Each structure stands twice: as structure tokens, then as C-alpha cells.
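[1] I'll drop the sequence and a predicted model, then ask my questions.
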Amino acid sequence: MTDNATAPESQNPAPAAPAASAAAPATDSQAVPAAAAGGEAGTSEASAAPEAAGGEGRAPRSPNASRRGGRGRSGGGGGQNRQTGEAAAGTPPKGQSGPRRTHPALEQLAGFYPHLFGAQFLPLKRGIFQDLQDAHPGVFEKEDLKAALGIHTRSTRYLQVVAEGRQRHDLSGQPVEAMAPEHVHHALLEVFRRKKPRDGEDLTAKLRRRIAQAYEASGLTREAYDALVRGRDERANALLDEAFAEVAERDAKAEALLRAFEASGSASVEQFADMYGMDARAVERQLQRARQLHNAPAPAPAPAPTPTTTTAPVDAPAEPAAEA
């Protein structure tokens, strides 16, 4: 993990149809990926692809084993041989959950900072790697700490809190800086890429709504937000454009509602809503949105992306590896 985060060009592919991205789910922060010793690439928060789904290990059939095992037969031994093979291969038999490998440095971090690495995750401030080295001199080997933070920040649980737009926190658990809009956007794309849809679930529509919400929460103009998050993946860009259109349509309706409310002479929002058979709370939200748009100051230009570093930046997902 590197001290200074950047906002690289967004390469994170949005799911062509999230319902079809049935790749193996990403591991939690405590599980070591198959390529845990990935060097510098292990420091990017959203650059990890899900682990390849491995099949169950099977022991070779014994020459003396019967090809058919009927009820009451004991000569086959196929089940016993298969179970033995699974145990030898390190794969627990069906119905049993084996121990999960845990990076030793992650266990130490969870012990030192349960509010950051424990049951609940919080986004980490940029520069947390150096902060940890300074706070615990001689405790962590540099490469071990880098690998542990890479595993942690690539986990789905961590990316979920980044995608929610939560603030970054220091070692004491205090919020110290806002999450960059481009990091929220890239984390959203990666989280939904890893999701497995439930029956009848439209993940594409959900992702589009989340992108629209993140755009509204950023307070940026469409042009400024677009400059930060648009990348080379056409599917992700198409979803971004749809989210922009959804917000524009909603804002136009809110402004029209505000004009109608002001022209109605209604004494209250409740009276106006009752007059048109609308939900008063929904009307109030739309009116507030319209007033915000009217009173919004002139938008500031988009912040310049942080210069690219030689190592993988925090919270900036690189393009995930191809899945089998």
C-alpha cells in the first residue's frame, strides 16, 4: 500500500449485465487470496479480482474399488477414498467448513485496531501505511504490512463502505478526510461486479441508482463529475450516462413541482400534496431538492486528479484480472 492515493483513469469494468457476473465472490479481508504475495499490486483497494473457484479435490479411484456401490456394500470404498483425498488436498469434505487462512499481520491489526479491522470496517486515511509503521516500530515487516493492507482494502466488505461514501479514518477511528467521488464510483462498480443476483433481481438498475445517488451526493456538476469518473470501459460509461439522465429528469420534475407549489397559494406542503393526491413527504423532498438547485452557488471546477505514482494507489481500482 502506498502513502499517497491517486485517482487513476477508471478502468474498472461495470458488469455488462450484473446478473451474469457469477464469478466466485471476493474474499473477506481475513482470507488470503491465492496470489497473496503479489508485491506492489497488492496495495490497491479495489484492484483484486475474486479468487478462482476451485473444485473439490478427489482421490483417484482405487483399482480394487467397485464401480457401483449398492446399499449395504462395503467393498467399493470410493466415499472413503474421496474423503481421504479431500483432506490431503486441504479441502474440507462436503458439509464441513475448514479453517480459513489468515494473514498474521491482519490478526495483529485487528487486535490493535478492532474499530478499523474488526467486525466493522471503516475507510482508512491515505498514508495509513506509514502511520502504522510509526505507531508500531519493529512490529511489522514492511512487505507483510503492505500485503495485509492490500488484502484488507481489496475485500468486498471494505469496498462496500468505500462505495457508501463514508469518510476516511485515522488510527484512532476519527474521520479525517472525505472520500473522493472517483473512489466511491470505482468501488461501486467493483462491488456490483462481484455480486451474484438473486432470483429476479435487476442489479443493473440498482447500480444505476447508486451511481445517481453518488453523483448527487458529490455536489459536483455533471461535467466535473464526468471528468473524474469516466473511463475507457463503455459499459460503465453507458451506466454513468443513464444515471446522469435519471438525475436530470428527477431534477426537472422537482423544479416543475416547486413552480406549481408557489403558484398554488397553498399554505402548507401538506395542503398542496392533499390537493393533488400526493405523498406529503415525497413532495417535501422534491421541493427541497428544487430549492437546493436554485440556491446552489456557482459550481467549482473539478479537482485535478492526483498525479499517478509508481505503486498501486489506495482506493483506486485497477482493471480486475480476467475470470475463468
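    Ah, there it is.

[2] residue 120: neighbouring residues, count only.
    Each residue near residue 120 was counted by other CB atoms under 10 Å, and the total is 10. Placement of C-beta: from N, CA and C, glycine included.

[3] just the pLDDT at it, thanks.
    pLDDT for residue 120: 91.

[4] measure residue 288 to residue 225 for me?
    The span separating residue 288 from residue 225 equals 21 Å under the rule CB to CB, to the nearest Å.

[5] er, residue 170 actually
    Residue 170 sits at a distance of 27 Å from residue 225 (criterion: CB to CB).

[6] those two: which is more packed in?
    Legend: neighbour count by other CB under 10 Å for residue 170 and residue 225, higher for residue 225 (25 against 16).

[7] do I have it right that the more buried one meets residue 181?
    Yes: proximity of residue 225 to residue 181 meets the contact threshold set by CB atoms under 8 Å, at 6.2 Å.

[8] which residues do these two both contact?
    A shared contact of residue 225 and residue 181, defined by CB atoms under 8 Å, 6 or more residues apart in numbering, is any residue touching both; here these are 215, 218.

[9] gap between residue 125 and residue 138?
    Spatial separation of residue 125 from residue 138 under the definition CB to CB is 23 Å.

[10] neighbour-wise, which of these two wins?
    For residue 125 against residue 138, the residue with the higher neighbour count under other CB under 10 Å is residue 125, and the figures read 18 against 6.

[11] for the more buried one, which non-adjacent residue is spatially closest?
    Spatial nearest neighbour of residue 125, chain neighbours left out: residue 168 (4.3 Å); criterion: CB to CB, 6 or more residues apart in numbering.

[12] can you tell me which residues contact that neighbour?
    Neighbouring residues of residue 168 by CB under 8 Å, 6+ apart: 123-126, 175-179.

[13] any of the residues you listed buried? List them.
    123-126, 179 (16 or more other CB atoms under 10 Å).

[14] tell me the one of those nearest residue 102?
    Closest to residue 102 out of the buried ones among the contacts of residue 168 is residue 124 (18.8 Å), distances taken as CB to CB.

[15] dihedrals phi and psi, the closest one?
    With angles defined as degrees, to the nearest 10, residue 124 sits at phi -90, psi 140.

[16] I'd say it and residue 116 touch.
    Yes: at 6.7 Å, residue 124 counts as touching residue 116 under the criterion of CB under 8 Å.

[17] for the two, list the residues in contact with both.
    Here residue 124 and residue 116 share the contacting residues residue 169, scored by CB under 8 Å, 6+ apart.

[18] quick one, helices of this structure?
    Here the chain has its helices, by DSSP state H, at 78-88, 104-112, 114-117, 128-135, 142-154, 156-163, 181-194, 203-218, 222-229, 234-264, 269-276, 280-295.

[19] in TSV, list those along with mean pLDDT.
    Conversion of the helices of the chain to TSV gives the following (pLDDT from 0 to 100):
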stretch	mean pLDDT
helix 78-88	43
helix 104-112	95
helix 114-117	96
helix 128-135	97
helix 142-154	96
helix 156-163	97
helix 181-194	97
helix 203-218	95
helix 222-229	96
helix 234-264	93
helix 269-276	91
helix 280-295	87
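
[20] tell me what residue 168 is bridged to.
    Using DSSP bridges, the bridge partners assigned to residue 168 are residue 177.

[21] that one and residue 149, how far apart?
    Here the distance between residue 168 and residue 149 works out to 14 Å (CB to CB).

[22] find the residues that touch each one of those two.
    Taking CB under 8 Å, 6+ apart as the contact definition, residue 168 and residue 149 share the neighbouring residues residue 124.

[23] follow-up on the earlier one: per-residue pLDDT, the residue nearest to residue 125?
    Among the per-residue scores, residue 168 holds a pLDDT of 98.

[24] equivalent analysis for the one 10 residues further on, please.
    Predicted confidence (pLDDT) for residue 178: 96.

[25] got the contact list for the residue nearest to it when sequence neighbours are not counted?
    In space, and not counting its chain neighbours, residue 178 is closest to residue 167: 5.7 Å by CB to CB, 6+ apart. Taking CB under 8 Å, 6+ apart as the contact definition, residue 167 lies against 123, 175-179.

[26] look up how far residue 251 lies from the spatially closest residue to residue 255 that is not a sequence neighbour.
    Using CB to CB, 6+ apart and skipping the chain neighbours, the partner closest in space to residue 255 is residue 290 (4.8 Å). In this structure, residue 290 and residue 251 are separated by 8 Å, where distance is defined by CB to CB.

[27] kindly report the same for residue 285.
    From residue 285 over to residue 251 the distance is 12 Å, taken as CB to CB.

[28] the two: which is more packed in?
    When residue 285 is set against residue 251 and neighbours are counted by other CB under 10 Å, the residue ahead is residue 251, at 16 against 12.
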